[in-house]
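S.K.: coordinates only, sequence not included:
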């Protein structure tokens, strides 16, 4: 599906809509409707179950979204979290400099001064993407954080966090006390982050408020190369810098142990790439051929990232690979900055009495982007019907319950819907229009099972207390005793857990 | 427990801690650690399951926390969302005027001008609560919303929502399309709201960032008095205005149908009070004698609230009743304001072709406050042991899994912990220290079940593949085959659903 088709379907089904729509919307903000909110919660739960489940020493916390100024000063965001812009003097539209200069400077504008950006624009006769004018100016750098006056004095400032990661770093000393006094120690946060983007676009891809799911793993740098598990025979689709420099875009499938042995990557890093890849495959069910781990070069990475592979997925809606997550090795940059900023010693003492300032491995995951990805990759039009082939455990609604004839079978069906809800399933009762149209409605919403109550269910004949269970993907139908329903469906609806190591 | 004892326990167990603690904290902000984050999520899920479960036409959405200025202008927050303050000229501490004047003006300061507040303070020789000086001044009203510059132009403003309710009102037209085109239609939001409180205090009670769970029900005012269900013989603990005026503080137990028949309350309103009360009793397990529905007088209510009962619970930690939720009848105030503000007609056409601007019944619930309430009311010290008697389905961890001797039984116990996690339970494996101390640790964390693997489990004798299940509340122990564990525990861990009507 094209981007605008997918958006139209999402709007029609109430997956999402622009925030404050009756006031004309707010750029870069969306509200999730019932289907979207339920799917988002399922994605978050699945992410948490998987990544926090990787180790008994990985924990989820829920910290505040507002950070006092001292935090973002120490982290460098107050000084450096800027996105150079170019403004058209003719039509007054602001653009991201990186976007406007993409054709003439594909490597981006990070680190360039205002004067250098202006020089590049003028030398290349760059035009305003909107009105075509060459009268472009480059204003002073614009900090992308949303700042607020905090408290009544007018002297304190706080900032909406530009990334959830800062909260994990701040929590490290408490988590060390709460945990087993052992490394590696993982701290996961699922929650909102905020960026005052110059040019929000692509629906859920460049938002001003978005949900991140991140795991920061604090580890002992002396153990970075320690083998974790045999990797068995896992092959990862990677596009390394050398191949990229030869103009390649498709990944190679490289055995995980070769990425360590001859690829120069630490075992602990590759272990988490493998788990990330399994999450894409086994939980989100992204097709193998759509995924690549895209290595960022030294020039492209933030200076504190020593190794970075973006977890990219090819989306038809945007005609190419999009970053849906990443694996970063941030060294000891963050704890060093916060130790300096706070004046607190953040080193810990490990086993043999050795003092260690932990290094950080960071797994990032964009919840909104992946919600879109699940639409892009699993919504298909088949025989004039739109079917959302979501993995059953991610579906916003697990079971549709239908009386064949509302008047005759409605009471039984409603009681059944209620019983299934009490057993912990998410259920939608629907008695309106033909059974075929009701199936079509749940197919489009990704509901994996439809249960129909008919005359046989109520009669004292051989079909007494049985119902028809119809599967979304196979469209197969089977007669099932109501007492066996929960047991039959529960397995497929359970969130997957990571493999035992 | 006293407030500081409960806070100390919460800090020690990593339920919560001050945000940016290594920088000295940020007033009015807390982070939830692993136990707190898990408990908070359980409370949110339980609230959602119960209140959204009240009707198939009640839905949960997840809208953005930032609102454009036009929204808060129309809602009245830009003009009126102020909290008068009094500042001490001697020690420069700002206070809420309402707090400082409490003794001399118990009815509060809503609607008073700056000059009137100053006059009351001076006439009564009110002193600074901190330094005792009488030199107090009253500054211009202070808006409690956090505002941000939105976009790059410097001309647009957005505000962190001061309440989740505004999002529900804005969503009404979309929800009407998504739903069955029928009233009542319920829209639930669980999420952050933000208020720049002058004087944050009482840990989770006056926060600058807090989580609300709210249900806005849009209904046809012509049906407000329509009987919903027979109420059977439910008695609600209410403290009505007339009794309050006679100085009473304890509630009377009044039959729900009498609140309608002779109490003058609409049936639809009382129906939702009953469900709120059941939630407090059956889900959060608050003791009957601790709850009261506290009616607000016309003077105390916001002018758009036509009926208001606060759902209060008596907490030992703060030595009195605290508001943990409320039931508001807001009339058509909100949709009227947003219809005017947006220029959109928000009326809908119901059954007989009648055009209706729906009225709103609002159920509010403070997630943080109730998390504290669950600590206050269910944490008890018994025989020198601290036990958190949380309802099992709310417990952050459902089952502790222990090898009696780590070396001998650890592998089996770890596999069992993993199997239980795969079956959907939240599990904590603990092999450290004596079994008694491990039981004590889970008692304090509210974990309802402890499962111990011992020699009998591994031997080929009569106890082969059985484990000891120990219940937190009764401290009873029973030998259970591992294959039956999930089945035995699952029932008690399932979130309750509201009663069938």
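M.R.: Perfect, thanks for sending it. Predicted, not measured: the structure shown is a model, and the values here were computed from it.
S.K.: who does whatever helix or strand residue A:313 lives in pair up with?
M.R.: Element membership of residue A:313 [criterion: DSSP states H and E] is strand A:307-315. Each strand that pairs with strand A:307-315, with its direction, by DSSP bridges: strand A:291-295 (antiparallel), strand A:320-331 (antiparallel).
S.K.: Number of residues surrounding residue A:459?
M.R.: The burial metric for residue A:459, expressed as a neighbour count using other CB atoms under 10 Å in any protein chain shown, is 11. Using the backbone N, CA and C atoms, a C-beta is placed for each residue, glycine as well.
S.K.: Would you enumerate the residues in contact with it?
M.R.: When contacts are counted by CB atoms under 8 Å, 6 or more residues apart in numbering or on different chains, residue A:459 touches no other residue.
S.K.: How about residue A:151?
M.R.: Residues near residue A:151 by CB under 8 Å, 6+ apart: B:27, B:196.
S.K.: How about residues contacting the strand holding residue A:313?
M.R.: Counting by CB under 8 Å, 6+ apart, A:238, A:265-266, A:269, A:273, A:276-277, A:280, A:286, A:290-296, A:300-301, A:320-329, A:365, A:372-373, A:376-377 sit against strand A:307-315.
S.K.: And those, which of them are buried?
M.R.: Neighbour-count burial (16 or more other CB atoms under 10 Å in any protein chain shown) applied to the contacts of strand A:307-315 gives A:238, A:265-266, A:269, A:273, A:276-277, A:280, A:286, A:290-296, A:300-301, A:321-322, A:324-329, A:365, A:372-373, A:376-377.
S.K.: show me what contacts the residue of the stretch 151-300 of chain A found nearest chain B?
M.R.: Nearest to chain B in the stretch 151-300 of chain A, going by CB to the nearest CB, is residue A:178, at a distance of 3.4 Å. In this structure, residue A:178 makes contact with A:59, B:13, B:14, B:33, B:34, judged by CB under 8 Å, 6+ apart.
S.K.: what is the mean pLDDT for stretch A:186-199?
M.R.: Per-region confidence: stretch A:186-199 scores 96 on mean pLDDT.
S.K.: brain fart, stretch A:240-249
M.R.: The predicted model gives stretch A:240-249 an average pLDDT of 95.
S.K.: what does stretch A:469-488 give?
M.R.: For stretch A:469-488, the mean pLDDT works out to 96.
S.K.: near chain B, which residues of the stretch 151-300 of chain A show up?
M.R.: By the criterion of CB under 8 Å from any CB of the partner chain, the positions of the stretch 151-300 of chain A lying close to chain B are A:151-153, A:158, A:160, A:167, A:170-171, A:173-175, A:177-178, A:180, A:192, A:194, A:196, A:198, A:208-209.
S.K.: Make a ChimeraX selection of the buried ones in those.
M.R.: Taking 16+ other CB under 10 Å as the burial criterion, the selection of buried members of those in ChimeraX is written as:
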select /A:151,152,158,160,167,170,171,173,174,175,178,192,194,196,198,208,209
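S.K.: Let's see which of the residues of the stretch 151-300 of chain A next to chain B end up in helices.
M.R.: A:167, A:170, A:171, A:173, A:174, A:175, A:177, A:178 (DSSP state H).
S.K.: List the contacts of the fifth one.
M.R.: This points to residue A:174. If you count contacts by CB under 8 Å, 6+ apart, residue A:174 has them with B:14, B:17, B:21, B:33.
S.K.: Widest-spaced pair of those residues?
M.R.: Taking CB to CB as the measure, those span a maximum distance of 12.1 Å, between B:14 and B:21.
S.K.: okay, the two: which has more neighbours?
M.R.: Shown here are residue B:14 and residue B:21; by other CB under 10 Å, residue B:14 has more neighbours (23 against 18).
S.K.: wait, the more buried one sits on residue B:33?
M.R.: Yes - proximity of residue B:14 to residue B:33 meets the contact threshold set by CB atoms under 8 Å, at 3.5 Å.
S.K.: any residues in contact with both of these two?
M.R.: Taking CB under 8 Å, 6+ apart as the contact rule, residue B:14 and residue B:33 both touch A:174, A:175, A:178.
S.K.: is it possible to export the residues you listed to CSV including pLDDT and distance to residue B:217?
M.R.: Conversion of the shared contacts of residue B:14 and residue B:33 to CSV gives the following (pLDDT from 0 to 100; distance: CB to CB, whole Å):
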residue, pLDDT, distance to residue B:217
A:174, 98, 40
A:175, 98, 41
A:178, 94, 40
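S.K.: So residue A:186 belongs to a strand, correct?
M.R.: Yes - judged by DSSP: H, G, I helix; E, B strand; the rest coil, residue A:186 forms part of a strand.
S.K.: what's across from it in the sheet?
M.R.: residue A:58, residue A:217.
S.K.: Next up, the contacts around residue A:429.
M.R.: For residue A:429, the contacting residues are A:400, A:401, A:402, A:413, A:414, A:417, B:56, taking CB under 8 Å, 6+ apart as the criterion.
S.K.: Could you tell me the model confidence score at it?
M.R.: The score at residue A:429 is 95. That number is its pLDDT.
S.K.: Backbone dihedrals for it, please?
M.R.: phi -90, psi 130 (degrees, to the nearest 10).
S.K.: Quick check: residue A:259 vs residue A:305, distance?
M.R.: Counting by CB to CB, to the nearest Å, the gap from residue A:259 to residue A:305 is 18 Å.
S.K.: between the two, who's got more neighbours?
M.R.: Summary of the neighbour comparison: residue A:259 and residue A:305, criterion other CB under 10 Å, with residue A:259 having more neighbours (25 against 18).
S.K.: Now do the same for that one: its pLDDT.
M.R.: Each residue has a pLDDT score; the one for residue A:259 is 96.
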